[in-house]
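Visitor: My questions concern the predicted model and sequence given below.
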Amino acid sequence: MKFNKWTMGLAAVGVVSLASAARADETKLSQVNTAISNTTLSGYVDTSAMWQLGSQHGNPYNPQTGSYLPEPQYTPGYVHGDGFNLDAVDITLDKPMDESPWASGYHVELMTGPDSVGDGYVRQAYLALRTPIGNSGIDWKVGVFDTIIGYESSSDPLNPNFTRSYGWALEPTTHTGILGTYKVNDMISISAGVANSRNGNASNGSTSGGYGPYETQKAYMGSFTFTAPDGAGFMKGATLSLGAINADNGSAGTSGAGYTSLYAGATIPTPITALKVGAAFDFLDNHNQYAGYGGGGDTSAWNIGLYANYQINDKASINVRGEYLNDNGSGPYNGAPTSYSYYYGYNGMVQNNNAEEVTITAQYQLWANVLSRVEFRWDHAEHGKPFDYTQSNYYGEYAPAHDNAFLLAVNLIYQF
């Protein structure tokens, strides 16, 4: 065994023996090996090629899901135009909790790329802790964690489609705080938590972008999940989830500003073994959004999404999504005039809007560990022309040109 000069010096004057030093080093190495032995490394690399059909020019200021949506708009099509893209790279270190009453672990997930979510490069980073209560226990997350509501995930491979939904754009993405989950039984689990509420951003309860939290401004959240038991026949495994988040983002000049998010979602098997269906409802109410601009009214939006998955075989499946969005307000969703309020409000264009989208995704595992998708998406706005900034107005500014948007995409994701 190789010793450092300090240890050799102590051994020379009889303070320590080399044998004891060797045993100490072996003990430290054993402790390190024990600490990391159950840690797993995983992640994915997400790439795509996109073609916006028709006369659209794929301008990067044109979100595929519509410029009338509130933030966040981190969806494929928003930061990309026609061509080839690196969407996201995700690397995860995870040590899950064991079954012991006072178990502990951690989860660190780093994400980068134009479609990444979270604060900087950190998508999630939390301690996992358990507190025993009765025959069960509360599982805690302390740190940065994914939001508790939503049908779709911030992890690209977990979603049924390549592009994300309108509903996902209405929801917060991550939170910085503490979340507790209690499993009442095999059918019912409940979660509750408190997190920082970012001043000036109505749709993310985390802190990022240089905005710090105020001590009294917090986001409070809770959710309920029911899972159908084995005796439910073909409905076995069906889930119903309900969730709510309320955040106070108020500051000087915008007192009372904040947001409330409500969510309901279900995934349901059918008598046809290969077919599963799902539904999701999202409601976002932004409180007092115009307070700093001489107003003070609320803005809101709600969305209904329907999903269907048909599993052809172990490698192939078809996923279909349809949505209807009702946007009841425009303007500074982000606490300041955005491109949406600028083009739609100040230039006299349509502010409120309704929209629909249909997405069809064919998925196949052609290579080992690689998720392959081909997707077609159609978006339609009922009022105005929110898509594709290709026309110039009187002031020489770009303005939208279409009320329909069409997208054809190929998506390849390697998972490890």
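Guide: The structure has been received and is ready for your questions. Residues are numbered from 1 along each chain as shown.
Visitor: Break down the stretch 1-150 of the chain into its strands, ranges please.
Guide: Under the criterion DSSP state E, counting those that start in this stretch, strands of the stretch 1-150 of the chain are mapped to 40-52, 83-95, 104-112, 122-133, 136-146.
Visitor: Need those in CSV (columns: distance to Asp327 and mean neighbour count).
Guide: From N, CA and C alone the C-beta is placed, and that goes for glycine too. Shown next, in CSV, are the strands of the stretch 1-150 of the chain (distance: least, C-beta to C-beta, whole Å; neighbours: other C-beta atoms under 10 Å):
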stretch, distance to Asp327, mean neighbour count
strand 40-52, 22, 18
strand 83-95, 26, 17
strand 104-112, 28, 18
strand 122-133, 27, 18
strand 136-146, 25, 20
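Visitor: and Met235, which of the ones you listed is closest to it?
Guide: Taking C-beta to C-beta as the measure, those were each checked against Met235, and strand 136-146 came out nearest at 24.6 Å.
Visitor: contacting residues around the closest one?
Guide: 97, 101, 107, 118-119, 122-131, 153-154, 173-184, 193, 206 (C-beta atoms under 8 Å, 6 or more residues apart in numbering).
Visitor: likewise stretch 151-159?
Guide: When contacts are defined by C-beta under 8 Å, 6+ apart, stretch 151-159 is touched by residues 44, 46, 87-88, 90, 115, 117-118, 123, 146, 160, 162, 164-165, 167-168, 173-174, 265, 278, 280, 305, 307, 371, 413, 415.
Visitor: and the end-to-end length of that stretch?
Guide: Taking C-alpha to C-alpha, to the nearest Å, stretch 151-159 runs 9 Å from one end to the other.
Visitor: Averaged pLDDT, it. What do you get?
Guide: The predicted model gives stretch 151-159 an average pLDDT of 91.
Visitor: just stretch 45-54 next, same as before
Guide: Throughout stretch 45-54, pLDDT has a mean value of 85.
Visitor: Check the gap between Ile268 and Val277 for me.
Guide: The gap separating Ile268 from Val277 is 5 Å, by C-beta to C-beta, to the nearest Å.
Visitor: likewise Ala49?
Guide: Counting by C-beta to C-beta - Ala49 and Val277 are separated by 30 Å.
Visitor: Could you list the residues in contact with whichever strand in the chain runs longest?
Guide: With DSSP state E applied, the strand covering the greatest number of residues in the chain is identified as strand 213-227. With C-beta under 8 Å, 6+ apart as the contact definition, strand 213-227 has outside contacts at 147-149, 172, 175-177, 179, 186-199, 205, 207, 237-251, 258.
Visitor: Could you pull out the helices in the chain for me?
Guide: Counting by DSSP state H, the chain has these helices, from start to end: 5-12, 18-36, 166-170, 339-341.
Visitor: measure Asp94 to Pro269 for me?
Guide: Relative to Pro269, Asp94 is positioned 29 Å away (criterion: C-beta to C-beta).
Visitor: Kindly apply the preceding question to Ala169 instead.
Guide: Using C-beta to C-beta, one obtains 28 Å as the distance from Ala169 to Pro269.
Visitor: Which one's more surrounded, those two?
Guide: Taking other C-beta atoms under 10 Å, Ala169 and Pro269 do not tie; Ala169 has more neighbours (25 against 18).
Visitor: follow-up on the earlier one: so which of the strands of the stretch 1-150 of the chain comes closest to Arg377?
Guide: In this view, the strands of the stretch 1-150 of the chain are compared for proximity to Arg377 by C-beta to C-beta, and strand 40-52 is the closest at 9.8 Å.
Visitor: strands paired with that closest one, and their directions?
Guide: Strand 40-52 has these partner strands in its sheet, going by DSSP bridges: strand 83-95 (antiparallel), strand 404-415 (antiparallel).
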